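Engineer: Need a 3D model of the sequence below.
(4 chains)
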Number of protein chains: 2
Amino acid sequence: MKKITIDDVAALAHVSRSVVSRVLNNHPNVSAAARARVEKVIREHNYRPSSVARSLASDRTYELCVMAPRRSNEVLSSGYWALVLLGVSAGSLQRGYFASISLVSPDMEGQIFDRITRHAFDGYILIAHDVTAIVADALQGSPKPILLVGQDPEFPNLHSIDIDNWTGGYLAGQHIAQLGYAHIGMMLGPEEAKETIDRRAGFEQALQEAGLSVTPGYQAYCHYSWETGYIVMQEWIASGQCPRAVFCTSDVKATGALRALHEAGLRVPEDVAVVGFDDLPASAYSVPALTTVHQPIYEKGVRAAHMLIDMVEGKRITDIHLNLPPHLVVRQTCGGTASSAPSAAPTARDRTKA
Amino acid sequence: MKKITIDDVAALAHVSRSVVSRVLNNHPNVSAAARARVEKVIREHNYRPSSVARSLASDRTYELCVMAPRRSNEVLSSGYWALVLLGVSAGSLQRGYFASISLVSPDMEGQIFDRITRHAFDGYILIAHDVTAIVADALQGSPKPILLVGQDPEFPNLHSIDIDNWTGGYLAGQHIAQLGYAHIGMMLGPEEAKETIDRRAGFEQALQEAGLSVTPGYQAYCHYSWETGYIVMQEWIASGQCPRAVFCTSDVKATGALRALHEAGLRVPEDVAVVGFDDLPASAYSVPALTTVHQPIYEKGVRAAHMLIDMVEGKRITDIHLNLPPHLVVRQTCGGTASSAPSAAPTARDRTKA
DNA sequence: GGAAAGTTTGGAACCGCTTCCAGTTTTCGT
DNA sequence: ACGAAAACTGGAAGCGGTTCCAAACTTTCC
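Structural biologist: Sure thing, here's the model as predicted:
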């Protein structure tokens, strides 16, 4: 199957190379007759223009580079990023772009960035908080637009998309406060992360409005992993003063915590109530089903793609920092309206057609 | 920051464009003096050759295209593919290649393939069973090598990498048989999938050797999702004859099943024993911790990358179909040696440095 | 009917790099 | 010291497209 080029098509259609290029790119000023002939040849010979050659000539690739972190396998394998990436991929395709994903691990940052900066992408989507350090070096001078998923205070002038973390924390706090829990613990993310700060502030604000507060000593900063949630909860249990309600700023940590509680023979939510954050697909199936703050993960990806493409195409962006709203999903781990088993069964919303 | 080209470097180093190209590609026949001058200029001006131009000229991209399916969000968000992709990405980088991942959903297959076939990749890694239908059309005639992760009986002549599914099933069967369970159920994957067939055959062989068999009527084909495991288990419970032991050919289904058992007030493993398959990172943290057949997911990805690159580089491949060995991980859901809680706590093997 | 305006077309330069080839310089054996 | 072999270098032709421009052809309208 000899590869066919634009010149072959031109010859076959009895036109010049320019004409073929024009019909390829939907340019005007091509006679109907010529266009028809060219299209016929293209169809019959299944011709596809080389995107490499096209990129070289036009300096446009219609490819977006998405860099996802792998600080820890657990973050990735929780399914969170998979959903974001799925969204980005779909959102790009909707607009005629292609999302090329690369998984960036700390030990390979150099190599990856080397490859990436050689390849001309039209824009970059970065998973914030994890790649920003190298971004500074590699991409700051880039003429191509960059979008952060998740905000990073260090780069306030980079565009970003995230959820309203403060409100997410507030919703969790409100829920816990309403149910009358008093001795309250909090498992946060990395201390310096903006989302940690915001979720915490929102949570504490809600508690404060109800005259409550987090019990001193029961506030831990941990990584996003099952393990840290598990370990911290074990420690709290061992302290003999385990909180009555715990807000975990990620479902993964909450799941680890549930595990520790189960092993210690404590009942959820009767002995200890747990509220998570994220609403991962798996969380509807935890035992017991997790009450958590839902964030539109997939949509975040879609919107990220659209936003970046707007930037690529020179459209005016109204919000430099776009924040999507979270909401609370009440299931079984924190008492409340859905504390009976059946009603907490997976709902239609959780389903995905297989 | 004006973009600097090979000609600029050549001029700055007082050599011809050819010489620069040679040092870039580590070709011999460049004098030490010239090489040094060129390298100095490259370093000082932070020059990176354009991979687009290079690809056009040399017809080599050092880019691998990885297509992951998204038949259902759940498959992806289980973390399984994330691990495979991570492995592929790392394995590629080790050999100087770059893995460009694209998430393929059924509704966007056309668009994706269009993009992919225009872009010159050096090779393709496909997630079997889910993309093969379109592969036939789009890639069969491709001169570039293709590798399947997971086998597909429809394409026996395509290279593939997988685990030894038969043995995996056998290990599960042996474990269940040894513990003396009699009324046994089995939740399989899609009926036509090769892995389903193999896992089932191995499982039944092990049972048969112990004089046992799967109870008729308690064998279900389901998709890889929490939901199907949940629903099937509910039905079995409702039948009033719930199996004493259940083999689920994926951890995700097993987790759904655990949830259903918990809701029904049944204890695991005292009332019903469950064995999963995959050993996802999350499975060590399920409640109770899942006994399951471990498969080296990440390594599968690494090996896949290496194998494909061998093909790209024209090396002789000894095994067209490479099968990695699985092993059983005994935790809490099926009784046996690790039935007490503490010993089933996450082990070092399960940990990933955060 | 003819000039002005608009439409369609092909030629040619160019995007940034690789690679072949012929020419030039260096090395080395005797 | 001389010629042949080896090492090095630069010119030029691509790779497969896009795009600018001038030329050729149509249409419009007074």
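
Engineer: check contacts around residue A:96.
Structural biologist: Taking CB atoms under 8 Å, 6 or more residues apart in numbering or on different chains as the criterion, residue A:96 is in contact with residue A:62. Where C-beta positions appear, they are placed from N, C-alpha and C, glycine not excepted.

Engineer: What of residue A:52?
Structural biologist: Contacts of residue A:52 were listed using CB under 8 Å, 6+ apart, and they are B:52, B:55-56, B:61, B:119-120.

Engineer: taking those residues one by one, which sit in helices?
Structural biologist: Within the contacts of residue A:52, membership in helices is found for B:52, B:55-56, as judged by DSSP state H.

Engineer: Name the nearest of those relative to residue A:84.
Structural biologist: Sorting the ones in helices among the contacts of residue A:52 by distance to residue A:84 puts residue B:52 at the head of the list, at 27.2 Å, by CB to CB.

Engineer: could you dump the ones in helices among the contacts of residue A:52 to JSON lines with pLDDT?
Structural biologist: Output for these, formatted as JSON lines (pLDDT from 0 to 100):
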{"residue": "B:52", "pLDDT": "93"}
{"residue": "B:55", "pLDDT": "94"}
{"residue": "B:56", "pLDDT": "94"}
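
Engineer: what helix or strand does residue A:246 sit in?
Structural biologist: Using DSSP states H and E, residue A:246 maps to strand A:245-248.

Engineer: contacts for that strand?
Structural biologist: So strand A:245-248 is in contact with A:169, A:172-173, A:176, A:179, A:181, A:183-187, A:203, A:218, A:229, A:233, A:236, A:254, A:257, A:272-277, A:334, going by CB under 8 Å, 6+ apart.

Engineer: for stretch A:147-164, what is the average pLDDT?
Structural biologist: In this model, stretch A:147-164 has an average pLDDT of 88.

Engineer: do stretch A:36-51 as well
Structural biologist: The pLDDT scores in stretch A:36-51 average 94.

Engineer: what about the helices in the stretch 51-200 of chain A?
Structural biologist: The residue ranges that make up the helices of the stretch 51-200 of chain A, judged by DSSP state H, counting those that start in this stretch, are A:51-58, A:73-77, A:80-94, A:109-118, A:132-139, A:165-178, A:194-209.

Engineer: To DNA strand D, which of these lies closest?
Structural biologist: Taking CB to the nearest atom of the strand as the measure, these were each checked against DNA strand D, and helix A:51-58 came out nearest at 3.3 Å.

Engineer: Which residues in the host helix or strand of residue A:38 does the neighbour count mark as buried?
Structural biologist: Taking DSSP H and E as the criterion, residue A:38 maps to helix A:32-45. Within helix A:32-45, the residues that qualify as buried by neighbour count (16 or more other CB atoms under 10 Å in any protein chain shown) are A:34-35, A:37-38, A:41-42.

Engineer: May I have stretch A:321-335 exported as PDB, CA atoms only?
Structural biologist: Listed next in PDB are the C-alpha coordinates belonging to stretch A:321-335 (Å, rounded to 0.1, in the frame of the first residue of the first chain):
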ATOM      1  CA  HIS A 321     -10.000  31.000  37.100                       C
ATOM      2  CA  LEU A 322     -13.100  29.000  36.500                       C
ATOM      3  CA  ASN A 323     -14.800  27.200  39.400                       C
ATOM      4  CA  LEU A 324     -17.400  24.600  39.100                       C
ATOM      5  CA  PRO A 325     -19.900  24.000  41.900                       C
ATOM      6  CA  PRO A 326     -19.800  20.900  44.100                       C
ATOM      7  CA  HIS A 327     -22.700  19.400  45.900                       C
ATOM      8  CA  LEU A 328     -23.200  17.000  48.800                       C
ATOM      9  CA  VAL A 329     -24.200  13.400  48.200                       C
ATOM     10  CA  VAL A 330     -25.800  11.900  51.300                       C
ATOM     11  CA  ARG A 331     -25.300   8.100  51.500                       C
ATOM     12  CA  GLN A 332     -24.600   6.000  54.600                       C
ATOM     13  CA  THR A 333     -21.500   7.000  56.300                       C
ATOM     14  CA  CYS A 334     -22.700  10.000  58.100                       C
ATOM     15  CA  GLY A 335     -26.200   9.300  59.200                       C
END
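
Engineer: mind checking how far the most centrally placed residue in chain A is from residue A:161?
Structural biologist: Computing the C-alpha centroid of chain A and ranking residues by CA atoms, centre = their mean puts residue A:84 first, at 3.6 Å. Separation of residue A:84 from residue A:161 (CB to CB, to the nearest Å): 10 Å.

Engineer: and if you look at residue A:151?
Structural biologist: The separation that residue A:151 has from residue A:161, given CB to CB, amounts to 9 Å.

Engineer: what sits in contact with each of those two?
Structural biologist: If you check residue A:151 and residue A:161 against CB under 8 Å, 6+ apart, the residues they both contact are residue A:321.

Engineer: Are whichever helix or strand comes after the strand holding residue A:246 and chain B in contact anywhere?
Structural biologist: Toward the C-terminal end, the helix or strand that comes next after strand A:245-248 (DSSP H and E) is helix A:251-263. Yes - taking CB under 8 Å from any CB of the partner chain as the criterion, helix A:251-263 and chain B are in contact, through A:255-256, A:258-259, A:262-263.

Engineer: Helix A:251-263 vs helix A:80-94, what angle?
Structural biologist: Interaxial angle of helix A:251-263 relative to helix A:80-94 (axes from the mean of the first three to the mean of the last three CA atoms, to 10 degrees): 150 degrees.

Engineer: Which strand or helix spans residue A:219?
Structural biologist: Using DSSP H and E, residue A:219 sits in strand A:214-221.

Engineer: coming back round to it: and the residues of helix A:251-263 next to chain B as JSON lines, adding distance to residue A:322 and pLDDT?
Structural biologist: As requested, the residues of helix A:251-263 next to chain B are exported to JSON lines (distance: CB to CB, whole Å; pLDDT from 0 to 100):
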{"residue": "A:255", "distance to residue A:322": "29", "pLDDT": "94"}
{"residue": "A:256", "distance to residue A:322": "31", "pLDDT": "94"}
{"residue": "A:258", "distance to residue A:322": "33", "pLDDT": "96"}
{"residue": "A:259", "distance to residue A:322": "35", "pLDDT": "93"}
{"residue": "A:262", "distance to residue A:322": "39", "pLDDT": "93"}
{"residue": "A:263", "distance to residue A:322": "41", "pLDDT": "91"}
